[in-house]
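Visitor: Provided below for reference: sequence and predicted model.
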Amino acid sequence: MPQHLRETFAGKRVLVTGHTGFKGPWLLVILEMLGATTLGYSLEPETKPSMFELIGATRLCRHETGDLRDRQTLNRIVDDFEPEFVLHMGAQSLVRRSYRDPLETFDSNFTGTLNVLDALRRWGGACVGVMVTTDKVYAESGSLRAYVEDDKLGGHDPYSASKAACEIVVDSYRKSFFHPSKHAEHRKVIATARAGNVIGGGDWCEDRLVPDVVRAMSRGERVRVRNPRAVRPWQHVLEPLSGYLTLAAHLSKHPVSTEASFNFGPDESDVLEVERVVQLALQAWGSGSYYTDIDPNAPHEAALLRINSDRAKAKLNWRPRWNATTAIEKTVEWYRHATRDPLAYTRKQILEYFAAS
Ligand SMILES: NC(=O)c1ccc[n+]([C@@H]2O[C@H](COP(=O)([O-])OP(=O)(O)OC[C@H]3O[C@@H](n4cnc5c(N)ncnc54)[C@H](O)[C@@H]3O)[C@@H](O)[C@H]2O)c1
(Lines give C-alpha, C1' and ligand atoms only; values in the text may rest on other atoms or scores of the structure.)
Protein backbone atom coordinates (compact mmCIF):
# COMPACT_ATOMS: atom_id res chain seq x y z
CA MET A 1 0.00 0.00 0.00
CA PRO A 2 1.31 3.54 -0.73
CA GLN A 3 3.48 4.88 2.04
CA HIS A 4 1.90 8.37 2.01
CA LEU A 5 -1.55 6.86 2.58
CA ARG A 6 -0.29 4.60 5.37
CA GLU A 7 1.35 7.58 7.06
CA THR A 8 -1.86 9.60 6.79
CA PHE A 9 -4.42 7.00 7.86
CA ALA A 10 -2.71 4.45 10.15
CA GLY A 11 -4.29 4.71 13.59
CA LYS A 12 -6.67 7.52 12.50
CA ARG A 13 -10.43 7.69 13.07
CA VAL A 14 -12.25 7.86 9.75
CA LEU A 15 -16.00 8.39 9.38
CA VAL A 16 -17.35 6.96 6.11
CA THR A 17 -20.91 7.61 4.98
CA GLY A 18 -22.34 5.40 2.25
CA HIS A 19 -20.33 2.40 3.48
CA THR A 20 -23.07 -0.13 2.65
CA GLY A 21 -23.31 0.70 -1.09
CA PHE A 22 -20.90 -0.11 -3.91
CA LYS A 23 -17.89 2.14 -3.32
CA GLY A 24 -18.22 2.02 0.46
CA PRO A 25 -17.16 -1.60 1.10
CA TRP A 26 -14.12 -1.19 -1.19
CA LEU A 27 -13.17 1.87 0.83
CA LEU A 28 -13.60 0.01 4.12
CA VAL A 29 -11.20 -2.69 2.92
CA ILE A 30 -8.58 -0.13 1.83
CA LEU A 31 -8.86 1.73 5.14
CA GLU A 32 -8.44 -1.52 7.06
CA MET A 33 -5.35 -2.30 4.97
CA LEU A 34 -4.02 1.18 5.82
CA GLY A 35 -4.58 0.59 9.55
CA ALA A 36 -7.37 3.15 10.11
CA THR A 37 -10.23 2.83 12.60
CA THR A 38 -13.42 3.27 10.63
CA LEU A 39 -17.00 4.07 11.54
CA GLY A 40 -19.57 3.65 8.78
CA TYR A 41 -22.90 5.50 8.87
CA SER A 42 -25.54 4.57 6.24
CA LEU A 43 -28.80 2.89 5.55
CA GLU A 44 -28.82 -0.91 5.54
CA PRO A 45 -27.54 -2.45 2.26
CA GLU A 46 -30.24 -2.13 -0.38
CA THR A 47 -29.12 -4.56 -3.07
CA LYS A 48 -29.36 -8.33 -3.01
CA PRO A 49 -26.68 -9.56 -2.98
CA SER A 50 -24.63 -6.72 -1.50
CA MET A 51 -20.87 -6.28 -1.44
CA PHE A 52 -21.15 -5.13 2.19
CA GLU A 53 -22.64 -8.46 3.29
CA LEU A 54 -20.53 -10.62 0.97
CA ILE A 55 -17.24 -9.37 2.39
CA GLY A 56 -18.54 -9.42 5.96
CA ALA A 57 -17.84 -5.70 6.27
CA THR A 58 -19.12 -5.43 9.84
CA ARG A 59 -15.72 -6.95 10.76
CA LEU A 60 -13.95 -4.01 9.12
CA CYS A 61 -15.68 -1.07 10.79
CA ARG A 62 -17.99 0.10 13.52
CA HIS A 63 -21.23 -0.29 11.60
CA GLU A 64 -23.93 2.28 12.42
CA THR A 65 -27.21 2.13 10.59
CA GLY A 66 -28.86 5.50 10.21
CA ASP A 67 -30.21 8.13 7.90
CA LEU A 68 -28.22 11.18 6.83
CA ARG A 69 -31.43 13.16 7.19
CA ASP A 70 -31.49 12.33 10.91
CA ARG A 71 -29.54 15.32 12.21
CA GLN A 72 -29.56 14.34 15.90
CA THR A 73 -28.11 10.90 15.31
CA LEU A 74 -25.45 12.25 12.97
CA ASN A 75 -24.46 14.90 15.51
CA ARG A 76 -24.23 12.26 18.22
CA ILE A 77 -22.07 10.00 16.01
CA VAL A 78 -19.66 12.84 15.24
CA ASP A 79 -19.48 14.01 18.87
CA ASP A 80 -18.90 10.48 20.08
CA PHE A 81 -16.49 9.18 17.39
CA GLU A 82 -14.52 12.44 16.97
CA PRO A 83 -13.47 11.72 13.38
CA GLU A 84 -10.12 12.97 12.14
CA PHE A 85 -11.29 12.33 8.57
CA VAL A 86 -14.76 12.25 7.01
CA LEU A 87 -15.32 10.66 3.61
CA HIS A 88 -18.91 11.55 2.81
CA MET A 89 -20.23 9.30 0.03
CA GLY A 90 -23.74 8.52 1.26
CA ALA A 91 -26.30 9.51 -1.38
CA GLN A 92 -29.18 8.41 -3.55
CA SER A 93 -26.81 7.81 -6.47
CA LEU A 94 -29.01 6.68 -9.37
CA VAL A 95 -30.13 9.04 -12.14
CA ARG A 96 -33.22 7.05 -13.18
CA ARG A 97 -34.37 6.61 -9.59
CA SER A 98 -33.97 10.36 -9.12
CA TYR A 99 -36.64 10.89 -11.79
CA ARG A 100 -38.93 8.49 -9.94
CA ASP A 101 -38.23 9.98 -6.54
CA PRO A 102 -36.83 13.51 -6.77
CA LEU A 103 -37.75 14.46 -3.19
CA GLU A 104 -35.88 11.54 -1.67
CA THR A 105 -32.91 12.30 -3.93
CA PHE A 106 -32.68 16.00 -3.02
CA ASP A 107 -33.32 15.24 0.61
CA SER A 108 -30.74 12.47 1.00
CA ASN A 109 -28.13 14.21 -1.10
CA PHE A 110 -28.55 17.89 -0.24
CA THR A 111 -29.92 17.71 3.32
CA GLY A 112 -27.63 14.76 4.04
CA THR A 113 -24.57 16.75 2.99
CA LEU A 114 -25.78 19.81 4.90
CA ASN A 115 -26.19 17.68 8.03
CA VAL A 116 -22.68 16.23 7.72
CA LEU A 117 -21.24 19.73 7.29
CA ASP A 118 -23.21 21.07 10.22
CA ALA A 119 -22.24 18.19 12.50
CA LEU A 120 -18.62 19.12 11.75
CA ARG A 121 -19.32 22.82 12.37
CA ARG A 122 -20.82 22.08 15.80
CA TRP A 123 -18.02 19.76 16.82
CA GLY A 124 -14.81 21.45 17.97
CA GLY A 125 -12.15 18.97 16.82
CA ALA A 126 -9.78 19.03 13.87
CA CYS A 127 -11.05 17.24 10.79
CA VAL A 128 -10.45 16.77 7.07
CA GLY A 129 -13.61 16.28 5.00
CA VAL A 130 -13.84 14.93 1.46
CA MET A 131 -17.36 15.42 0.18
CA VAL A 132 -18.06 13.17 -2.77
CA THR A 133 -20.18 14.59 -5.56
CA THR A 134 -19.89 13.51 -9.21
CA ASP A 135 -18.80 14.44 -12.74
CA LYS A 136 -22.49 15.19 -13.37
CA VAL A 137 -22.37 18.47 -11.39
CA TYR A 138 -21.44 20.50 -14.47
CA ALA A 139 -24.02 22.41 -16.49
CA GLU A 140 -24.20 20.61 -19.84
CA SER A 141 -22.24 22.78 -22.26
CA GLY A 142 -22.83 20.66 -25.37
CA SER A 143 -19.14 21.14 -26.18
CA LEU A 144 -16.57 18.38 -26.71
CA ARG A 145 -14.24 19.99 -24.17
CA ALA A 146 -13.71 18.08 -20.92
CA TYR A 147 -15.11 19.89 -17.87
CA VAL A 148 -12.63 21.59 -15.55
CA GLU A 149 -13.34 22.31 -11.90
CA ASP A 150 -14.16 25.98 -12.42
CA ASP A 151 -16.79 25.31 -15.09
CA LYS A 152 -20.36 26.32 -14.41
CA LEU A 153 -22.35 24.01 -12.14
CA GLY A 154 -25.79 22.78 -13.15
CA GLY A 155 -27.72 19.57 -13.52
CA HIS A 156 -30.70 18.59 -15.62
CA ASP A 157 -31.93 15.46 -13.82
CA PRO A 158 -32.66 15.58 -10.07
CA TYR A 159 -29.59 13.49 -9.18
CA SER A 160 -27.17 15.80 -10.99
CA ALA A 161 -28.91 18.92 -9.68
CA SER A 162 -28.89 17.59 -6.11
CA LYS A 163 -25.15 17.00 -6.36
CA ALA A 164 -24.56 20.45 -7.86
CA ALA A 165 -26.53 21.78 -4.88
CA CYS A 166 -24.15 19.86 -2.59
CA GLU A 167 -21.25 21.66 -4.24
CA ILE A 168 -22.86 25.01 -3.42
CA VAL A 169 -23.56 24.17 0.21
CA VAL A 170 -20.02 22.82 0.70
CA ASP A 171 -18.66 26.03 -0.81
CA SER A 172 -20.86 28.09 1.51
CA TYR A 173 -19.72 26.20 4.63
CA ARG A 174 -16.12 26.41 3.49
CA LYS A 175 -16.33 30.17 3.10
CA SER A 176 -18.54 30.83 6.13
CA PHE A 177 -17.29 28.40 8.78
CA PHE A 178 -14.21 26.53 7.51
CA HIS A 179 -12.39 29.34 5.76
CA PRO A 180 -8.76 28.37 5.11
CA SER A 181 -7.54 31.73 6.47
CA LYS A 182 -9.07 30.85 9.88
CA HIS A 183 -7.95 27.23 9.93
CA ALA A 184 -6.08 27.67 13.23
CA GLU A 185 -9.45 28.48 14.89
CA HIS A 186 -11.88 25.96 13.35
CA ARG A 187 -9.31 23.26 12.35
CA LYS A 188 -11.46 21.94 9.53
CA VAL A 189 -10.52 21.53 5.90
CA ILE A 190 -13.12 20.54 3.34
CA ALA A 191 -13.09 19.85 -0.40
CA THR A 192 -15.33 18.16 -2.95
CA ALA A 193 -14.35 15.27 -5.20
CA ARG A 194 -15.96 14.68 -8.61
CA ALA A 195 -15.40 11.31 -10.23
CA GLY A 196 -16.58 9.62 -13.41
CA ASN A 197 -18.61 6.48 -14.09
CA VAL A 198 -17.33 3.77 -11.85
CA ILE A 199 -17.20 0.05 -12.48
CA GLY A 200 -15.86 -2.79 -10.36
CA GLY A 201 -16.78 -6.04 -8.69
CA GLY A 202 -19.53 -6.04 -6.11
CA ASP A 203 -21.93 -3.55 -7.73
CA TRP A 204 -25.52 -4.80 -7.93
CA CYS A 205 -27.32 -1.47 -8.29
CA GLU A 206 -30.29 -1.24 -10.63
CA ASP A 207 -29.91 0.51 -14.00
CA ARG A 208 -26.12 0.44 -14.02
CA LEU A 209 -24.36 -0.92 -17.06
CA VAL A 210 -21.93 -3.48 -15.67
CA PRO A 211 -24.38 -4.95 -13.11
CA ASP A 212 -26.88 -5.22 -16.00
CA VAL A 213 -24.28 -7.14 -18.04
CA VAL A 214 -23.42 -9.42 -15.11
CA ARG A 215 -27.09 -10.12 -14.34
CA ALA A 216 -27.80 -11.01 -17.99
CA MET A 217 -24.70 -13.20 -18.29
CA SER A 218 -25.41 -15.16 -15.14
CA ARG A 219 -28.96 -15.84 -16.33
CA GLY A 220 -27.72 -16.80 -19.80
CA GLU A 221 -29.64 -13.89 -21.36
CA ARG A 222 -28.65 -11.32 -23.98
CA VAL A 223 -27.64 -7.94 -22.59
CA ARG A 224 -30.10 -5.12 -23.23
CA VAL A 225 -28.27 -1.87 -24.04
CA ARG A 226 -30.47 1.19 -23.55
CA ASN A 227 -28.13 3.96 -24.44
CA PRO A 228 -25.41 2.62 -26.79
CA ARG A 229 -24.09 5.98 -28.00
CA ALA A 230 -23.78 7.68 -24.60
CA VAL A 231 -20.16 8.55 -23.89
CA ARG A 232 -18.87 8.31 -20.32
CA PRO A 233 -15.53 8.52 -18.50
CA TRP A 234 -15.22 4.89 -17.33
CA GLN A 235 -12.95 4.01 -14.46
CA HIS A 236 -12.42 1.24 -11.94
CA VAL A 237 -13.84 1.93 -8.48
CA LEU A 238 -10.31 1.97 -7.04
CA GLU A 239 -9.44 5.07 -9.13
CA PRO A 240 -11.78 7.54 -7.40
CA LEU A 241 -11.20 5.88 -4.03
CA SER A 242 -7.44 6.35 -4.35
CA GLY A 243 -8.27 9.92 -5.43
CA TYR A 244 -10.45 10.62 -2.37
CA LEU A 245 -7.77 9.24 -0.02
CA THR A 246 -4.96 11.09 -1.78
CA LEU A 247 -7.02 14.29 -1.59
CA ALA A 248 -7.67 13.75 2.13
CA ALA A 249 -3.95 13.17 2.71
CA HIS A 250 -3.13 16.34 0.76
CA LEU A 251 -5.69 18.43 2.68
CA SER A 252 -4.31 17.23 5.99
CA LYS A 253 -0.83 18.44 4.97
CA HIS A 254 -1.95 21.64 3.22
CA PRO A 255 -5.01 22.86 5.10
CA VAL A 256 -4.55 26.50 4.18
CA SER A 257 -3.55 26.82 0.54
CA THR A 258 -5.50 24.39 -1.52
CA GLU A 259 -8.20 24.22 -4.16
CA ALA A 260 -11.70 23.34 -3.03
CA SER A 261 -12.72 20.78 -5.68
CA PHE A 262 -11.01 18.08 -7.71
CA ASN A 263 -11.98 15.99 -10.72
CA PHE A 264 -10.88 12.35 -10.77
CA GLY A 265 -11.46 10.97 -14.25
CA PRO A 266 -9.82 8.49 -16.60
CA ASP A 267 -7.46 9.37 -19.42
CA GLU A 268 -9.03 10.65 -22.64
CA SER A 269 -8.61 7.25 -24.35
CA ASP A 270 -10.89 5.67 -21.71
CA VAL A 271 -13.85 7.88 -22.45
CA LEU A 272 -15.92 5.28 -24.28
CA GLU A 273 -19.36 4.71 -25.68
CA VAL A 274 -21.63 2.44 -23.69
CA GLU A 275 -21.76 -0.08 -26.54
CA ARG A 276 -17.95 -0.40 -26.55
CA VAL A 277 -17.96 -1.11 -22.80
CA VAL A 278 -20.53 -3.86 -23.30
CA GLN A 279 -18.41 -5.38 -26.08
CA LEU A 280 -15.29 -5.33 -23.87
CA ALA A 281 -17.20 -6.84 -20.93
CA LEU A 282 -18.53 -9.69 -23.09
CA GLN A 283 -15.04 -10.25 -24.48
CA ALA A 284 -13.67 -10.49 -20.93
CA TRP A 285 -16.52 -12.83 -19.99
CA GLY A 286 -15.65 -15.04 -22.97
CA SER A 287 -19.22 -15.40 -24.25
CA GLY A 288 -22.55 -13.63 -24.56
CA SER A 289 -24.30 -11.19 -26.87
CA TYR A 290 -26.28 -7.95 -26.64
CA TYR A 291 -29.02 -6.04 -28.38
CA THR A 292 -29.78 -2.34 -28.40
CA ASP A 293 -33.19 -1.21 -27.24
CA ILE A 294 -33.42 2.55 -27.27
CA ASP A 295 -36.45 3.87 -25.42
CA PRO A 296 -37.64 7.03 -27.23
CA ASN A 297 -39.42 8.12 -24.03
CA ALA A 298 -36.43 7.61 -21.74
CA PRO A 299 -35.79 10.55 -19.42
CA HIS A 300 -32.97 12.89 -20.33
CA GLU A 301 -29.40 11.74 -19.57
CA ALA A 302 -26.34 13.64 -20.75
CA ALA A 303 -25.08 12.24 -24.07
CA LEU A 304 -21.47 13.21 -23.50
CA LEU A 305 -19.52 13.58 -20.33
CA ARG A 306 -15.80 14.18 -20.03
CA ILE A 307 -13.83 15.53 -17.10
CA ASN A 308 -10.34 16.93 -17.03
CA SER A 309 -8.20 15.70 -14.12
CA ASP A 310 -5.16 17.92 -14.66
CA ARG A 311 -5.64 19.59 -11.28
CA ALA A 312 -5.52 16.27 -9.41
CA LYS A 313 -2.50 15.25 -11.45
CA ALA A 314 -0.61 18.49 -10.81
CA LYS A 315 -1.55 19.17 -7.19
CA LEU A 316 -2.05 15.67 -5.77
CA ASN A 317 0.25 13.67 -8.04
CA TRP A 318 -2.77 11.40 -8.60
CA ARG A 319 -3.22 9.55 -11.88
CA PRO A 320 -5.30 6.66 -13.14
CA ARG A 321 -3.52 3.31 -12.84
CA TRP A 322 -5.82 1.00 -14.83
CA ASN A 323 -7.12 1.84 -18.30
CA ALA A 324 -10.72 1.04 -19.28
CA THR A 325 -9.84 -2.38 -20.72
CA THR A 326 -8.02 -3.42 -17.55
CA ALA A 327 -10.81 -1.97 -15.40
CA ILE A 328 -13.41 -4.02 -17.30
CA GLU A 329 -11.26 -7.18 -17.13
CA LYS A 330 -10.70 -6.78 -13.37
CA THR A 331 -14.40 -6.21 -12.88
CA VAL A 332 -15.41 -9.33 -14.77
CA GLU A 333 -12.68 -11.33 -12.95
CA TRP A 334 -14.14 -10.21 -9.61
CA TYR A 335 -17.66 -11.40 -10.47
CA ARG A 336 -16.30 -14.72 -11.78
CA HIS A 337 -13.70 -15.54 -9.14
CA ALA A 338 -14.49 -13.68 -5.92
CA THR A 339 -17.32 -16.01 -4.93
CA ARG A 340 -15.25 -18.33 -2.70
CA ASP A 341 -13.72 -15.59 -0.55
CA PRO A 342 -14.90 -12.14 -1.69
CA LEU A 343 -12.92 -10.27 0.98
CA ALA A 344 -9.64 -12.00 0.10
CA TYR A 345 -10.28 -11.41 -3.62
CA THR A 346 -11.04 -7.74 -2.99
CA ARG A 347 -7.82 -7.35 -0.98
CA LYS A 348 -5.88 -9.05 -3.81
CA GLN A 349 -7.26 -6.60 -6.40
CA ILE A 350 -6.48 -3.64 -4.14
CA LEU A 351 -2.85 -4.78 -3.84
CA GLU A 352 -2.66 -5.30 -7.63
CA TYR A 353 -4.08 -1.84 -8.19
CA PHE A 354 -1.63 -0.04 -5.92
CA ALA A 355 1.27 -2.09 -7.36
CA ALA A 356 0.44 -0.87 -10.88
CA SER A 357 2.38 2.17 -12.01
N1 LIG B 1 -21.08 4.72 -8.86
C2 LIG B 1 -20.76 5.72 -9.70
O3 LIG B 1 -20.59 5.51 -10.92
C4 LIG B 1 -20.55 7.11 -9.16
C5 LIG B 1 -20.02 8.09 -10.03
C6 LIG B 1 -19.80 9.38 -9.51
C7 LIG B 1 -20.12 9.67 -8.19
N8 LIG B 1 -20.65 8.71 -7.38
C9 LIG B 1 -20.95 9.07 -5.99
O10 LIG B 1 -20.16 8.26 -5.13
C11 LIG B 1 -20.89 7.98 -3.93
C12 LIG B 1 -20.98 6.49 -3.70
O13 LIG B 1 -21.55 5.90 -4.84
P14 LIG B 1 -22.00 4.36 -4.87
O15 LIG B 1 -21.93 3.93 -6.28
O16 LIG B 1 -21.27 3.60 -3.84
O17 LIG B 1 -23.54 4.50 -4.44
P18 LIG B 1 -24.53 3.38 -3.89
O19 LIG B 1 -25.89 3.78 -4.35
O20 LIG B 1 -24.05 2.03 -4.22
O21 LIG B 1 -24.47 3.56 -2.31
C22 LIG B 1 -25.06 4.65 -1.67
C23 LIG B 1 -24.76 4.61 -0.20
O24 LIG B 1 -25.37 5.78 0.40
C25 LIG B 1 -26.21 5.37 1.46
N26 LIG B 1 -27.34 6.27 1.56
C27 LIG B 1 -28.19 6.67 0.58
N28 LIG B 1 -29.13 7.48 1.08
C29 LIG B 1 -28.86 7.58 2.42
C30 LIG B 1 -29.48 8.27 3.48
N31 LIG B 1 -30.55 9.03 3.31
N32 LIG B 1 -28.94 8.14 4.71
C33 LIG B 1 -27.85 7.37 4.93
N34 LIG B 1 -27.21 6.71 3.95
C35 LIG B 1 -27.73 6.82 2.71
C36 LIG B 1 -26.64 3.95 1.12
O37 LIG B 1 -27.07 3.29 2.30
C38 LIG B 1 -25.35 3.40 0.53
O39 LIG B 1 -24.51 3.02 1.58
C40 LIG B 1 -22.25 8.65 -4.08
O41 LIG B 1 -22.20 9.92 -3.45
C42 LIG B 1 -22.39 8.81 -5.59
O43 LIG B 1 -23.27 9.86 -5.91
C44 LIG B 1 -20.87 7.44 -7.83
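Guide: Happy to help now that I have it.
Visitor: test for you: state the pLDDT assigned to Arg97.
Guide: Arg97 carries a pLDDT value of 96.
Visitor: so which residues on the stretch 1-150 of the chain come close to the ligand?
Guide: 18-24, 42-43, 67-69, 89-93, 108, 112, 132, 134 (Cβ under 6 Å from any ligand atom). In short, each C-beta sits where N, CA and C put it, glycine included.
Visitor: can we see that at 5 Å?
Guide: Within the stretch 1-150 of the chain, the residues that sit near the ligand (Cβ under 5 Å from any ligand atom) are 18, 20-23, 42-43, 67-68, 89-91, 93, 108, 132, 134.
Visitor: quick one: the strands in this protein, in order.
Guide: 13-17, 37-42, 62-65, 85-88, 127-132, 188-195, 197-199, 223-225, 231-236, 261-264, 271-273, 290-292 (DSSP state E).
Visitor: hmm, who's touching stretch 255-262?
Guide: Applying Cβ atoms under 8 Å, 6 or more residues apart in numbering, the external contacts of stretch 255-262 come out as 128, 149, 167, 170-171, 174, 180-181, 183, 189-194, 243, 247, 250-251, 309, 311-312, 315-316.
Visitor: quick one on the thing from earlier: got a markdown table for the strands of the chain, with mean pLDDT and distance to Arg145 too?
Guide: Formatted as a markdown table, the strands of the chain follow (pLDDT from 0 to 100; distance: least, Cβ to Cβ, whole Å):
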| stretch | mean pLDDT | distance to Arg145 |
| --- | --- | --- |
| strand 13-17 | 98 | 32 |
| strand 37-42 | 98 | 36 |
| strand 62-65 | 98 | 42 |
| strand 85-88 | 98 | 29 |
| strand 127-132 | 98 | 24 |
| strand 188-195 | 97 | 16 |
| strand 197-199 | 91 | 18 |
| strand 223-225 | 93 | 27 |
| strand 231-236 | 89 | 13 |
| strand 261-264 | 98 | 13 |
| strand 271-273 | 89 | 12 |
| strand 290-292 | 94 | 28 |
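Visitor: dump the ones you listed into JSON lines; add distance to Ala139 and mean neighbour count as well.
Guide: Converted to JSON lines, these look like this (distance: least, Cβ to Cβ, whole Å; neighbours: other Cβ atoms under 10 Å):
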{"stretch": "strand 13-17", "distance to Ala139": "26", "mean neighbour count": "25"}
{"stretch": "strand 37-42", "distance to Ala139": "30", "mean neighbour count": "24"}
{"stretch": "strand 62-65", "distance to Ala139": "36", "mean neighbour count": "16"}
{"stretch": "strand 85-88", "distance to Ala139": "23", "mean neighbour count": "27"}
{"stretch": "strand 127-132", "distance to Ala139": "19", "mean neighbour count": "24"}
{"stretch": "strand 188-195", "distance to Ala139": "13", "mean neighbour count": "24"}
{"stretch": "strand 197-199", "distance to Ala139": "19", "mean neighbour count": "25"}
{"stretch": "strand 223-225", "distance to Ala139": "27", "mean neighbour count": "19"}
{"stretch": "strand 231-236", "distance to Ala139": "17", "mean neighbour count": "26"}
{"stretch": "strand 261-264", "distance to Ala139": "15", "mean neighbour count": "26"}
{"stretch": "strand 271-273", "distance to Ala139": "19", "mean neighbour count": "20"}
{"stretch": "strand 290-292", "distance to Ala139": "29", "mean neighbour count": "14"}
